[in-house]
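Colleague: fold the following and give me the result.
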Amino acid sequence: MAFMVGIDTGGTFTDGFFARDGDFRTAKVLTTPHDLTVCLADCVREGAQQFGVSVTDMLTNTDVVRYSTTVSVNTIIQRKGAKIGLIVSKGFKDSLYSREAKEVEPIYSFVPRDMITEVEGEIDDQGNMVKPLDKGEVLSKMQYLTDMGVRAIVVSLKNSHINPTHEKQIRGIIKEQYPNFFLGSVRVLLASEVSDQPGDFYRTNAVVINGYIHDSLVKYLYKSEDDLRANRYPRPLMIGHSHGGVARVAKTRAIDTYSSGPIFGMFGAEMVSRMYGFGNVVSVDMGGTSLDLGAVRDGVHNYSLTPVISDLPVNVPMIITHSVGLGGGSIVSLDSSRSLKIGPESAGASPGPACFDLGGLEPTVTDADVALGFINPNYFLGGKVKLNKQRAISSIKARIAEPLDISVEEAADLIREATDRKIQQELLRFLEAQGIEAGRLSDFALVVYGGAGPTHCCGFAKGLKFGQNLASPYSSVFSAFGFSTTDLLHPYSKYSRIILFDGVNYLTDYEKFNQIVRELVDNARRDIDGEGFSPENAVYYLDLIGDEDLAGVKVRIDKIYLDSESDVKNLCTQLKGSTKQGSGKVTISTVILNALVPMPHLELKPESLAGEDASNALKDEREVLWSTKFGYQKTRIYERELLVPGNVVVGPAIVQARDTTYVISADWSLSVDKYSHAVLKEV
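Modeller: Have a look, this model is predicted:
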């Protein structure tokens, strides 16, 4: 049987999940920020070695390689994106099409005020060209921005979602003067090609974010696909998108990848929670660089047409997760009031935490875990990476302990407690924003993953009383694991303004509506065929968005073509709930087509349960500082790979795996269920 490969590149580690005929293997390698294609190749190589085959043999027989990256999230969190300039319509340089000045402030952290300029030219609300562009003015403004050192120019003109002519003309003018083969050429990205939805302010935010993270992704994604093909992988590299599906590199915009890794981790969490009868799940992904939170209620993902990215609302539909700069590699420092500050800056993979011994001097959360004895420095990544405990201690001593006049042990314990407290605070704040009451968490399963997730779970989940606390045996590579639940998915949309019912008459020109649907379907079939899949295997859904307070409706494509007034009445009824002859007007503002092509999925099979006795997995004992009050305590160390379904480990204990560490506090226990998941229970 063919292989199925999922890979997720984070700021610190690159994770792989490899499956063949019910046999699953994982890989975890250090991310190589200088060239992200290197860690991708390293991860593929590690996966092939796990199966005892060459990279070429594995890729030749691989059905699909799915890939996601948190590069876009980490670039935004750490504000390390490209230097961009923004061109807007005359009169909107200060407001950026917003009615409230305070809404505009967050955008200046991506594009400073002096990098924003404006041009004459006007498209009215009906899409008519009222005033043409001035070529000389465009070149003058472009020259100003390039003299300021921008690496890319983003263009967002008023009403470009209706008529993008002026935006395309600006790009043509710039490219005529600075063609791509010139060393001084700059990229030009258009708002109308990022979003065709109304809302000039939202669309401006979207293209600014897209331009800001574009450079971090474009070159290495194409090179990654080329590298796979060089090893005889016969299909396109499929990139995870934030709408919940995958698509090839050529059909991917930078903003599409935002939070894609955490989103697919959430898909995996949903799959796991369903095994335990939970339709509600909260996911917590703690990696090396970020903490990513997600929620699913009654099997429904939190999908938004106007999601918020770093305080900026955008009109690019996506599934919502919440990212915070809080991971194992988060740098710990003291603020002006001598209080601990954790993140959002991360040591990343290079130089990494001080204990990586690669030149990092700043203490991190991982350094504290090593100093306290929770992480075995000789068994990090299964022993492939040796950590320097003394470096961790020295960094904590110099930057935290000595300035606070406390011991290293007290400082490390302070870091760990502050980290767990901050994670719980962020989690509760996220749940409140989702309308989930802290007192009703018994209806939810908590699924914890990421390399640092199991290490901190008992600390941040304490007292929250979830219905179930779960950690997969693939926790450390869980976003890569979650890929196995996904399909090829292309969204297409058309801002339409189709009046189905004007208050008296129902639409009788069915062809206007059907023509839009056919246009979207034709685009989808063309793209699916171009990716090497059969359009005949696709399933098509329409999301019809009504005006203002009208509810949206999702319908299978084979049931949505309009052939009679009766069809229109039925559609109006779905949009409005109970539309009657003579009631208010019904208008479709946007038609969205989702084209889905099923891809190979993972199926977990249960195993029979053994006894609770876990002594067969007991490997060692070592001194661990659980609390400065009681000092170091000799603690049992278990090996995760030797625990079998039915085994129970009672805290205090450490369960070390090749790619993560489970820290079981004194008032917690860990049991292994029939799916080899770790079930964590608070006494």
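Colleague: check contacts around Gly265.
Modeller: Listed by CB atoms under 8 Å, 6 or more residues apart in numbering, the contact set of Gly265 reads 283, 285, 292, 294, 449-450, 478-479, 481-482. Backbone N, C-alpha and C define where each C-beta goes, glycine included.
Colleague: out of all of them, which strand in the chain is the longest?
Modeller: If you go by DSSP state E, the chain has its longest strand at strand 488-501.
Colleague: what packs against that strand?
Modeller: Here strand 488-501 touches strand 246-248, helix 510-530, helix 565-576, strand 586-597, going by 3 or more CB pairs under 8 Å, 6 or more residues apart in numbering; DSSP states H and E.
Colleague: who are the contact partners of Met572?
Modeller: Check again: residue 572 is Cys, not Met. Cys572 neighbours (CB under 8 Å, 6+ apart): 500-501, 506, 579, 586.
Colleague: as CSV, these with pLDDT would be great.
Modeller: Listed next are the contacts of Cys572 as CSV, based on pLDDT from 0 to 100:
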residue, pLDDT
Leu500, 82
Phe501, 80
Tyr506, 81
Thr579, 49
Val586, 80
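Colleague: just to revisit the earlier point, dump the longest strand of the chain to CSV, restricted to CA.
Modeller: Extracted as CSV, the C-alpha positions of strand 488-501 are listed here (Å, rounded to 0.1, in the frame of the first residue of the first chain):
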residue,chain,number,x,y,z
LEU,A,488,-8.2,18.9,-1.2
LEU,A,489,-10.4,21.9,-0.9
HIS,A,490,-10.7,25.0,-3.1
PRO,A,491,-12.9,27.9,-2.2
TYR,A,492,-14.2,30.3,-4.9
SER,A,493,-16.4,33.3,-4.3
LYS,A,494,-18.3,36.0,-6.3
TYR,A,495,-19.7,39.2,-4.9
SER,A,496,-23.0,39.0,-6.6
ARG,A,497,-25.9,41.2,-5.2
ILE,A,498,-28.6,39.0,-6.7
ILE,A,499,-32.1,40.0,-5.6
LEU,A,500,-34.1,36.8,-5.1
PHE,A,501,-37.2,38.5,-3.8
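Colleague: got the buried residues for it?
Modeller: Across strand 488-501, burial judged by 16 or more other CB atoms under 10 Å covers 488-494, 496, 498-501.
Colleague: next: stretch 587-600.
Modeller: Buried residues in stretch 587-600, counted by 16+ other CB under 10 Å: 587-597, 599.
Colleague: and what of stretch 233-252?
Modeller: By neighbour count with 16+ other CB under 10 Å, stretch 233-252 contains the buried residues 233, 235-249, 251-252.
Colleague: what's the answer for stretch 537-547, then?
Modeller: Neighbour counts over stretch 537-547 (16+ other CB under 10 Å) mark 538, 540-546 as buried.
Colleague: mind putting these in TSV, secondary structure included?
Modeller: TSV is the format used below for those (DSSP: H, G, I helix; E, B strand; the rest coil):
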residue	secondary structure
Ala538	coil
Tyr540	strand
Tyr541	strand
Leu542	strand
Asp543	strand
Leu544	strand
Ile545	strand
Gly546	strand
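Colleague: any chance of JSON lines for those residues, columns distance to Asn205?
Modeller: Conversion of the buried residues of stretch 537-547 to JSON lines gives the following (distance: CB to CB, whole Å):
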{"residue": "Ala538", "distance to Asn205": "31"}
{"residue": "Tyr540", "distance to Asn205": "30"}
{"residue": "Tyr541", "distance to Asn205": "27"}
{"residue": "Leu542", "distance to Asn205": "26"}
{"residue": "Asp543", "distance to Asn205": "22"}
{"residue": "Leu544", "distance to Asn205": "25"}
{"residue": "Ile545", "distance to Asn205": "19"}
{"residue": "Gly546", "distance to Asn205": "24"}
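Colleague: mean confidence (pLDDT) on the longest helix that the chain contains, please.
Modeller: Ranked by number of residues, the top helix in the chain under DSSP state H is helix 200-230. Helix 200-230 shows a mean pLDDT of 91.
Colleague: okay, Tyr474: pLDDT?
Modeller: According to the prediction, Tyr474 has pLDDT 85.
Colleague: in the stretch 151-300 of the chain, which spans are helices?
Modeller: Assigned by DSSP state H, counting those that start in this stretch, the helices in the stretch 151-300 of the chain fall at 165-177, 191-194, 200-230, 260-274.
Colleague: most packed of those helices?
Modeller: Most buried of the helices of the stretch 151-300 of the chain, by mean neighbour count (mean count of other CB atoms under 10 Å): helix 260-274, with a mean of 28.
Colleague: so how far is that helix off the chain centroid?
Modeller: The chain centre lies 11 Å from the centre of helix 260-274; the measure is CA atoms, centre = their mean, to the nearest Å.
Colleague: hang on, Val203 packs against Ser195?
Modeller: Quick fix: residue 203 is Arg, not Val. Yes. Counting by CB atoms under 8 Å, Ser195 is a contact partner of Arg203 at 4.8 Å.
Colleague: shared neighbours of these two, anything?
Modeller: Each of 161, 314-315 lies in contact with both Arg203 and Ser195 under the rule CB under 8 Å, 6+ apart.
Colleague: quick one, what contacts the residue nearest to Asp215 when sequence neighbours are not counted?
Modeller: Nearest-residue entry for Asp215: Ala82, 4.3 Å, with adjacent residues in sequence omitted and distances by CB to CB, 6 or more residues apart in numbering. Residues in contact with Ala82 (CB under 8 Å, 6+ apart) are 151-152, 211-216.
Colleague: next one: Ala82 relative to Ser140, how far apart?
Modeller: 23 Å (CB to CB, to the nearest Å).
Colleague: likewise Glu536?
Modeller: 52 Å.
Colleague: how about Ile7?
Modeller: In terms of CB to CB, Ile7 sits 46 Å off from Ser140.
Colleague: which of the two has more residues huddled nearby?
Modeller: The residue with more neighbours, out of Ile7 and Ser140, is Ile7; 29 against 12, by other CB atoms under 10 Å.
Colleague: residues in contact with that one?
Modeller: By CB under 8 Å, 6+ apart, the contact set of Ile7 is 14-17, 40, 43-44, 65-68, 480.
Colleague: let me have those residues in a markdown table, extended by distance to Glu167, pLDDT and secondary structure.
Modeller: Formatted as a markdown table, the contacts of Ile7 follow (distance: CB to CB, whole Å; pLDDT from 0 to 100; DSSP: H, G, I helix; E, B strand; the rest coil):
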| residue | distance to Glu167 | pLDDT | secondary structure |
| --- | --- | --- | --- |
| Thr14 | 36 | 90 | strand |
| Asp15 | 39 | 89 | strand |
| Gly16 | 40 | 93 | strand |
| Phe17 | 41 | 92 | strand |
| Leu40 | 34 | 93 | helix |
| Cys43 | 39 | 95 | helix |
| Val44 | 39 | 96 | helix |
| Val65 | 34 | 92 | strand |
| Arg66 | 33 | 91 | strand |
| Tyr67 | 30 | 93 | strand |
| Ser68 | 30 | 89 | strand |
| Ala480 | 37 | 87 | helix |
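Colleague: of those - the most surrounded one?
Modeller: When neighbours are counted by other CB under 10 Å, Ala480 leads these with 32 neighbours.
Colleague: wait, doesn't that one sit right on Gly6?
Modeller: Yes. Applying CB under 8 Å as the test, Ala480 and Gly6 come out as touching, 4.1 Å apart.
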